[in-house]
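Enquirer: I would like the atomic coordinates for the input below:
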Amino acid sequence: GDDVDPYAENFDPENQALMAVTVDPVIEPVVVVDDDGGKGQRKVVRLLAFVLCLIVIIIVSVTVPVTMMLLKPAPETEAPSTMPSSAPSASPTTALRMNIRQKILDHNVSSPDVFFDPYSSQYKAFEWMYNEDGTDVNADNFIQRYTLGVFYYSLSGDNWLHCSKGDAVCKDNKPAYMSPSDECGWYGNSCTDNDGNITNIFFASSQSNGLAGTIPSEISKLKSLKKIAIVVNEITGTIPEEIGQLKHLDLLFLYGNAISGSLPESFFNISTLKSVSIMGNMFSGTISSHFGLLDNLESLVLSGNYFVGTIPTEIGNLRNLKSFSAAFMYNHLNGTIPDEILNITSLQDITVAGNEISGTISPNIGKLPNLKRYDVSDNIMGGRIPRAFFNATELDKIRLDNNKFVGTIPTEIGLLKELEELYLFNNSFTGTIPHQLANLTKLKKLQLHGNHFTGNIPSVLCSMKKLKLISSDCHGDNAKVKCDCCECH
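Expert: Numbers count the residues shown, from 1 in each chain. Modelled structure (predicted):
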């Protein structure tokens, strides 16, 4: 009958299906054998089948336990988590940084890009608020402290001579800037209102405190500011356009710095301004006619800059202006002194020295009842002194020196009973020295040299008690003027 493979009886029944799949492709050729094959050939076939089966068994014995171990669920050591399936929230540290940044952006204090620049004053102020200050982000003074931080870093606060952050001892027994205490008490700051808002920033010592850098636009967020005085320091750059948002500002003193550019147009929207001094800087351009909009202005000082062009006639609209003291002196102005300024009857001082002002002295000067000082020295003005000029009887100082004036000294000069100083040197005056000068009992200085005067200086002048200096062209044997008590030229 048919041969039965005795080796097949050794298979485990449970592995029969696996063997069928794995072994049949190998065994099937072995079942069909050549009728002429002998026992030796069948032994070789059986041996090969045995080896293959053994290999399969080894593979299964390794693979199955590993697979079962991987599929077996891990033992539960605690109750299942009840965490929500949503994404995890930011850490408290990250959340605080985000809140601070968002607060600043919501109030339009700084632009977003500055927070990516570690060298910017805004970034440094932000880091100070986050790492050191500790003021609650929802506190009423949060934005104010951040703004003052930007101000500090913008003006090189760490290099100030007095009251830098961390200074244990501060000038005038004030807390140092950036200290944990109330910012109203920091050196240079004050709050005159009861709401805790900064109203004054004063760095007005006669000596520099080392404030160097630019005025940040963020200063406009100190909405209650009334007075800014940062003088004799090293401020550069321009005045930010945003300064026009300070609707309560009445005093702006920035003299003695190195600020350049022109005044921003928004500046002329601050109708509350009463006193402005930006002398001794590097401002340029023309003097805006919009100054005429500042009708509360009482004092204006623009001297020592690089302004060009003419004095705008709109200055005559400033009916509260009391002083042109150093208003326009030592710039590069030309043209004439506009008659419109003579509409300002409150004027006490007209000073335009050190420019290229031309024209003559207006006789309407005599209509200014409060005028005390008239200084047009170092210009190119000419003509005669009008007799009506001496109707301004409150004058105590007249400077006409270094111009092109001609003619004689009117005898009406004796009407100026308050006059203390009279400078007429380096012009083209002629004639004799009027004896009416002896009526000026308060006169201290009289400088007449560099002209074409002739004759003798009235001897009575030499005996005047307060007159300490008289100068004239009395030098040499051929001098045109004779004087026994003069400084001779």
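Enquirer: Flag every buried residue along the strand or helix carrying residue 460.
Expert: Counting by DSSP states H and E, the secondary-structure element that holds residue 460 is helix 459-462. Judged by neighbour count using 16 or more other CB atoms under 10 Å, the buried positions of helix 459-462 are residue 461. The way it works is simple: take the backbone N, C-alpha and C, and place the C-beta from them, glycine included.
Enquirer: hey, C-alpha coordinates of the helix or strand following it in CSV?
Expert: Beyond helix 459-462 on the C-terminal side, the first helix or strand identified by DSSP H and E is strand 469-472. As requested, the backbone C-alpha atoms of strand 469-472 are provided in CSV (Å, rounded to 0.1, in the frame of the first residue of the first chain):
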residue,chain,number,x,y,z
LEU,A,469,33.4,151.6,33.4
ILE,A,470,33.6,154.1,30.6
SER,A,471,35.3,153.2,27.3
SER,A,472,36.0,155.6,24.4
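Enquirer: who does strand 469-472 pair up with?
Expert: According to DSSP bridges, strand 469-472 forms sheet pairs with strand 445-447 (parallel), strand 487-488 (parallel).
Enquirer: gap between the residue lying closest to residue 283 once chain neighbours are set aside and residue 333?
Expert: Closest residue to residue 283 in three dimensions, ignoring its sequence neighbours and counting by CB to CB, 6 or more residues apart in numbering: residue 305, at 4.2 Å. Residue 305 sits 10 Å away from residue 333, taking CB to CB, to the nearest Å as the criterion.
Enquirer: hang on, the earlier thing: quick check: which of the strands paired with strand 469-472 is nearest to residue 356?
Expert: Between residue 356 and the strands paired with strand 469-472, the tightest spacing by CB to CB is seen for strand 445-447, at 22.5 Å.
Enquirer: contact partners of that closest one?
Expert: The set of residues that contact strand 445-447 without belonging to it, under CB atoms under 8 Å, 6 or more residues apart in numbering, is 401, 420-425, 437, 461, 467-471.
Enquirer: Can you add mean pLDDT, mean neighbour count and distance to residue 354 and give the strands paired with strand 469-472 back as TSV?
Expert: Below are those laid out as TSV (pLDDT from 0 to 100; neighbours: other CB atoms under 10 Å; distance: least, CB to CB, whole Å):
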stretch	mean pLDDT	mean neighbour count	distance to residue 354
strand 445-447	98	20	17
strand 487-488	94	14	24
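Enquirer: want to try JSON lines for the ones you listed, with distance to residue 415 as columns?
Expert: As requested, the strands paired with strand 469-472 are exported to JSON lines (distance: least, CB to CB, whole Å):
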{"stretch": "strand 445-447", "distance to residue 415": "16"}
{"stretch": "strand 487-488", "distance to residue 415": "26"}
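Enquirer: quick one: which of those strands is nearest residue 204?
Expert: Distances from residue 204 to each of the strands paired with strand 469-472 were compared using CB to CB; the shortest belongs to strand 445-447, at 30.5 Å.
Enquirer: picking that back up, please work out how many residues are found near the residue nearest to residue 283.
Expert: Taking other CB atoms under 10 Å as the neighbour definition, residue 305 ends up with a count of 23.
Enquirer: For the stretch 251-400 of the chain, give me the ranges with low pLDDT.
Expert: For the stretch 251-400 of the chain, applying pLDDT under 70 flags the ranges 325.
Enquirer: And the strands in it?
Expert: With strands called from DSSP state E, counting those that start in this stretch, the stretch 251-400 of the chain shows them at 251-253, 260-261, 275-277, 282-286, 299-301, 306-309, 323-324, 332-333, 349-351, 373-375, 382-383, 397-399.
Enquirer: Looking at the strands paired with strand 469-472, which is nearest to residue 363?
Expert: Of all the strands paired with strand 469-472, the one in closest proximity to residue 363, counting by CB to CB, is strand 445-447 (23.6 Å).
Enquirer: After the closest one, which helix or strand is next? Please name it.
Expert: As assigned by DSSP H and E, the chain's next helix or strand after strand 445-447 is strand 452-453.
Enquirer: for the residue nearest to residue 103 when sequence neighbours are not counted, helix, strand, or coil?
Expert: Of all residues beyond its chain neighbours, the one nearest residue 103 is residue 137 (5.2 Å), with distances taken as CB to CB, 6+ apart. Of the three states, residue 137 takes coil under DSSP: H, G, I helix; E, B strand; the rest coil.
Enquirer: Hmm, residue 137 is touching residue 101, no?
Expert: No - taking contact to mean CB atoms under 8 Å, the distance of 9.9 Å between residue 137 and residue 101 leaves them out of contact.
Enquirer: give me phi/psi at the residue most central in space within the chain?
Expert: The structure's the chain has its C-alpha centroid closest to residue 215; by CA atoms, centre = their mean the separation is 1.0 Å. Note on residue 215: its backbone torsions stand at phi -80, psi 120 [degrees, to the nearest 10].
Enquirer: What score does it have for pLDDT?
Expert: At residue 215, the pLDDT value in this model is 98.
Enquirer: how much space is there between it and residue 151?
Expert: 8 Å.
Enquirer: hmm, back to that, most neighbours per residue, which of the strands of the stretch 251-400 of the chain?
Expert: Compared across these, strand 323-324 shows the largest average neighbour count, a mean of 24 (mean count of other CB atoms under 10 Å).
Enquirer: thinking in terms of the whole chain, how far from its middle is that one?
Expert: Using CA atoms, centre = their mean, to the nearest Å, the distance from the centre of strand 323-324 to the centre of the chain it belongs to is 28 Å.
Enquirer: in stretch 451-469, what's buried?
Expert: If you call a residue buried by 16+ other CB under 10 Å, then stretch 451-469 has these buried ones: 451, 453, 457-458, 461, 464, 467.
Enquirer: ok, residue 259 to residue 202 distance?
Expert: As it turns out, when the distance is counted by CB to CB, residue 259 lies 17 Å from residue 202.
Enquirer: Also residue 352?
Expert: For residue 352, the distance to residue 202 - CB to CB - is 30 Å.
Enquirer: Please apply the same query to residue 341.
Expert: Counting by CB to CB, the gap between residue 341 and residue 202 amounts to 31 Å.
Enquirer: show me what contacts residue 165?
Expert: Residue 165 makes contacts with 152, 157-158, 176-179, as judged by CB under 8 Å, 6+ apart.
Enquirer: If anything else comes up later, I'll come back, but that's it for now.
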